[in-house]
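# Generate a structure from the sequence data that follows.
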Amino acid sequence: MMGFSTMPGASSDGLIGGAELPIFNRNVLVSSDTTLERGAILAGVGIDSDMTVHLATSADTVGKMLFIAAEDVEAQTATTVFTSGRFNRTALTTESDTSVADFEAELRRQGIYLTEVI
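This is a model prediction of the structure:
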């Protein structure tokens, strides 16, 4: 009988909410002047290889390309973002003047679904 085991040194931050949906990603340039954390909701500006991202604000809740930061990243550098999948809403972060709920409808429209991991 096969069981589950934990790999030494491996841990989960709870960002991934499940494997029921494919998780796709892409590389973008961070245009923010601040460090971004894994799980931050980001808004994209531009197209294709010229896409830059910044921490999403209240102005980005409708009609903007939204992403989830796949890793911690310094300002003005290239990074990987998630473009689709199922994510744990309690592991996501936003600017202080917004909440995850403000972005949920637009995220869902773009193939990013939120759940709560127990």
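# those strands in this protein, which residues are they?
For the chain, the strands defined by DSSP state E cover 16-18, 24-30, 41-45, 52-55, 65-69, 78-88, 112-115.
# Can you add mean pLDDT, distance to Phe103 and mean neighbour count and give these back as TSV?
C-beta here means a position set from N, CA and C on the backbone, and glycine is covered the same way. Listed next are those as TSV, based on pLDDT from 0 to 100; distance: least, C-beta to C-beta, whole Å; neighbours: other C-beta atoms under 10 Å:
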stretch	mean pLDDT	distance to Phe103	mean neighbour count
strand 16-18	89	15	17
strand 24-30	92	17	16
strand 41-45	92	5	22
strand 52-55	90	11	20
strand 65-69	94	6	23
strand 78-88	94	11	19
strand 112-115	96	9	19
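# Nearest approach to Asp97 belongs to which of those?
strand 52-55 (10.9 Å; C-beta to C-beta).
# So in that sheet, which strands flank the closest one, and in what orientation?
Here strand 52-55 is paired, per DSSP bridges, with strand 24-30 (parallel), strand 41-45 (antiparallel).
# Make CSV from the ones you listed and add distance to Glu71 to it.
CSV is the format used below for the strands paired with strand 52-55 (distance: least, C-beta to C-beta, whole Å):
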stretch, distance to Glu71
strand 24-30, 10
strand 41-45, 12
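# so what's the residue nearest the centre of the chain bridging to?
Nearest residue to the geometric centre of the chain (C-alpha atoms, centre = their mean): Ile68, 1.1 Å. Beta-bridge pairing for Ile68 (DSSP bridges): Ile41, Phe82.
# could I have stretch 81-94 exported to PDB, CA atoms only?
Coordinates of each C-alpha in stretch 81-94 appear next as PDB, following Å, rounded to 0.1, in the frame of the first residue of the first chain:
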ATOM      1  CA  VAL A  81       3.400  35.100 -12.800                       C
ATOM      2  CA  PHE A  82       0.500  32.700 -12.800                       C
ATOM      3  CA  THR A  83      -2.100  33.300 -15.500                       C
ATOM      4  CA  SER A  84      -4.600  30.600 -14.600                       C
ATOM      5  CA  GLY A  85      -5.400  28.000 -12.000                       C
ATOM      6  CA  ARG A  86      -7.000  27.600  -8.600                       C
ATOM      7  CA  PHE A  87      -5.500  29.600  -5.700                       C
ATOM      8  CA  ASN A  88      -6.200  30.000  -2.000                       C
ATOM      9  CA  ARG A  89      -7.800  33.400  -1.400                       C
ATOM     10  CA  THR A  90      -6.400  33.700   2.100                       C
ATOM     11  CA  ALA A  91      -2.800  33.400   0.700                       C
ATOM     12  CA  LEU A  92      -3.300  36.300  -1.700                       C
ATOM     13  CA  THR A  93      -2.300  39.900  -1.000                       C
ATOM     14  CA  THR A  94      -3.400  43.300  -2.300                       C
END
